[in-house]
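Participant: give me the fold of what follows.
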Amino acid sequence: MARMSSLSATQRFHAYANPTRFMALSGKLLAPLWVLTALLIAAGLWFALFASPPDYQQSETVRIMYVHVPSAWLAMFGYSIMAAASAVALIFRHPLADLCAKSAAPIGASFTFLALVTGSLWGQPMWGTWWEWDARLTSVLILFFLYLGYIALWATIEEPVRAARAAAVLALVGAINIPIIRYSVVWWNTLHQPASVFRMEGPTIAPAMLLPLMLMALGFTSLFVTLLLVRMRAEILRRRVRALRLAQAASGAEG
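Facilitator: Sure, this is the predicted structure:
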C-alpha cells in the first residue's frame, strides 16, 4: 500500500514535467500574474515615494532602500531557485528542471546588477564611497559573476545535455555563496547593518517603512515568477523548433 502511495506521488510529480501541461497552465497564469505584479509594484512605489516618511538620519535617500533591498533579496532567491532546479535535474532528470534553472539565471543576474547599482547609489551619500570591498558587497559581486558564468556555460556548450549538466554543477557549487551573503554581516565587520526585517525578535524597521518595503518585495517576487514563466515558455518553444529542424535535417539526409 505504501509502495502504491509512493508510486502515485511519483506519477503526480512527473505529471508536472510534461511541457504541454506546463504550457497550458502557465498560459492561464500569465495574465493574472502580470496584473498582480503591476498592482503590487504600483502600490509599493506610491507608499515608498509619497506615504512613507524620510529617515531621521538618511533623509530622502532612504527611499533607495525600497528598490535596493528587494533586489538583493531576489538576487539570492533567484540563485536559490536555480540551484534547487539544478539539483532536481541531476537527481530526478525532471525535463523542466534544467529549463527552469536556465530561464531563472538572466532574471536573477538582472536583480543582482540592480542591487549592486542601487547599493552604490545609496552607499555614496551614506558612507562617502561608491564601493567598498567589505564581505557583503564582495559576496554579492561574486554572485553576479556566478550568474554570468552559468549563462556563459549554456552559451558555449552546444550539446544541450552536456550544457545542462555542467551548468547544474556550477549552480550547486556556487550555492555556497548564498549563506555567505546572508550571514556576512554577522560573521564579519561590514558597512551593512544587521538584518532588520527577518529577525527572531521581529522587524526593527518602522511600520510606515516596512509596508512599502514588503509591497515592493512581493511585487518584485511576482515579477520574477512572471518573467520566469515567460522565459520557460519561450525556451520550450525554442527547443521544439530545434527538434523539428533536426528531424527535417535527418529526413533530408535519408532522402
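Participant: ranges for the helices of this protein?
Facilitator: 2-15, 19-46, 65-92, 97-127, 135-156, 160-174, 177-187, 207-254 (DSSP state H).
Participant: pLDDT weak spots in the stretch 151-255 of the chain?
Facilitator: Across the stretch 151-255 of the chain, the ranges flagged by pLDDT under 70 are 188-204, 246, 250, 252-255.
Participant: if you set the cut-off to 90 instead, what comes out?
Facilitator: 157-161, 182-210, 238-255 (pLDDT under 90).
Participant: distance check, the residue nearest to Leu30 when sequence neighbours are not counted against Leu141.
Facilitator: Excluding its sequence neighbours, the residue lying closest to Leu30 (CB to CB, 6 or more residues apart in numbering) is Leu229, at 6.1 Å. To be clear about C-beta, it is placed using only N, CA and C from the backbone, and glycine gets the same treatment. Leu229 sits 29 Å away from Leu141, going by CB to CB, to the nearest Å.
Participant: looking at the two, which is more packed in?
Facilitator: More crowded of Leu229 and Leu141, by other CB atoms under 10 Å: Leu229, with 20 against 14.
Participant: that one against Ala31, yeah?
Facilitator: No - using CB atoms under 8 Å, Leu229 is not in contact with Ala31; the gap is 11.1 Å.
Participant: for the helices of the chain, give me TSV that also has distance to Gln57.
Facilitator: Shown next, in TSV, are the helices of the chain (distance: least, CB to CB, whole Å):
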stretch	distance to Gln57
helix 2-15	51
helix 19-46	23
helix 65-92	12
helix 97-127	9
helix 135-156	19
helix 160-174	36
helix 177-187	18
helix 207-254	13
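Participant: quick one, which of the ones you listed gets closest to Pro53.
Facilitator: The closest of the helices of the chain to Pro53 is helix 207-254. By CB to CB, the value is 5.8 Å.
Participant: list the residues that contact the residue positioned nearest the centre of the chain.
Facilitator: Centroid check for the chain by CA atoms, centre = their mean gives Gly78 as the closest residue, at 1.8 Å. Each residue near Gly78 by CB atoms under 8 Å, 6 or more residues apart in numbering is listed here: 104-105, 107-109, 111-112, 147, 224.
Participant: mind telling me the two of the residues you listed farthest from one another?
Facilitator: Tyr147 and Phe224 (13.5 Å).
Participant: just to revisit the earlier point, distance of the residue nearest to Leu30 from Ala38?
Facilitator: Per CB to CB, Leu229 is found 15 Å from Ala38.
Participant: repeat that for Gly44.
Facilitator: Computed as CB to CB, the Gly44 to Ala38 distance reads 11 Å.
Participant: between the two, which is the more surrounded one?
Facilitator: Gly44 (23 against 14).
Participant: which ones are touching that one?
Facilitator: Gly44 neighbours (CB under 8 Å, 6+ apart): 66, 212-213, 215-216, 218-219.
Participant: same question, Tyr66
Facilitator: By CB under 8 Å, 6+ apart, Tyr66 lies in contact with 44-45, 48, 52, 212-213, 216.
Participant: apart from its chain neighbours, what residue comes closest to it?
Facilitator: Ala48 (3.9 Å).
Participant: let me know the pLDDT of the one you found.
Facilitator: On pLDDT, Ala48 comes in at 92.
Participant: shouldn't it be in contact with Ala217?
Facilitator: No - applying CB under 8 Å, one finds Ala48 not in contact with Ala217, separated by 11.4 Å.
Participant: excluding sequence neighbours, find me the nearest residue to Ser26.
Facilitator: Nearest one to Ser26, counting by CB to CB, 6+ apart, is Leu229 at 4.6 Å.
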